[in-house]
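In: When you get a sec, could you give me coordinates for this:
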Amino acid sequence: MKINKNQILLSITIISYICLNLIYLDKFPFVHSDEPWLSGLSKNMLENTSLSVTEPFFDLMPRYPHALKLIFHLIQIPFIYFFGYNIFSLRLISLIFGLLTLFIFYIFLKKLTNKTSLSYLGTLLLAVDIQFIYASHFARQEILLLFIFLVSLY
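Out: So this is what the prediction gives:
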């Protein structure tokens, strides 16, 4: 199998993008108030080994969280257990789903346009979009939703 210059350039670009995101994952953007709130609840669920626990400040009122929030907590819990309770490990989930979203987006564009160069360009534009970077760096559910929407659309 012969590797051409475009494949090498693409590989270098992907590796650079991943490394740059890993370097700035816990530094950019600043921590949003939802991140410690959601992760704190995941940590509380892990410590109590129950999905029915709620935030300590909501104990007086019954809460009924939606399914996506519970799925997000079920994803966060193993990351907290294995990688510790820190912003990097929690944001790593969003970065992984962001990278998967870029991959699905590329496949979707390739199928839609049947042009490799246009698919690369569209994926690159999404990858450097500041809102996409925010979503793939926050320990929140937005990037998970985008991934689910794109997979459903595909």
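
In: Centre of the chain to the stretch of helix or strand residue 12 belongs to, how far?
Out: Using DSSP states H and E, residue 12 falls within helix 5-24. Mean C-alpha position of helix 5-24 versus that of the full chain (CA atoms, centre = their mean, to the nearest Å) differs by 18 Å.

In: what's downstream of it, the next helix or strand?
Out: Read in the C-terminal direction, the helix or strand following helix 5-24 is helix 34-48, with elements assigned using DSSP H and E.

In: From the structure, what's the count of residues near the closest residue to residue 88 other than its chain neighbours?
Out: Spatial nearest neighbour of residue 88, chain neighbours left out: residue 26 (4.3 Å); criterion: CB to CB, 6 or more residues apart in numbering. Bear in mind the C-beta positions are built from the backbone N, C-alpha and C, glycine included. Other residues near residue 26 number 15, with proximity taken as other CB atoms under 10 Å.

In: pretty sure residue 26 contacts residue 90?
Out: No - applying CB atoms under 8 Å, one finds residue 26 not in contact with residue 90, separated by 9.2 Å.
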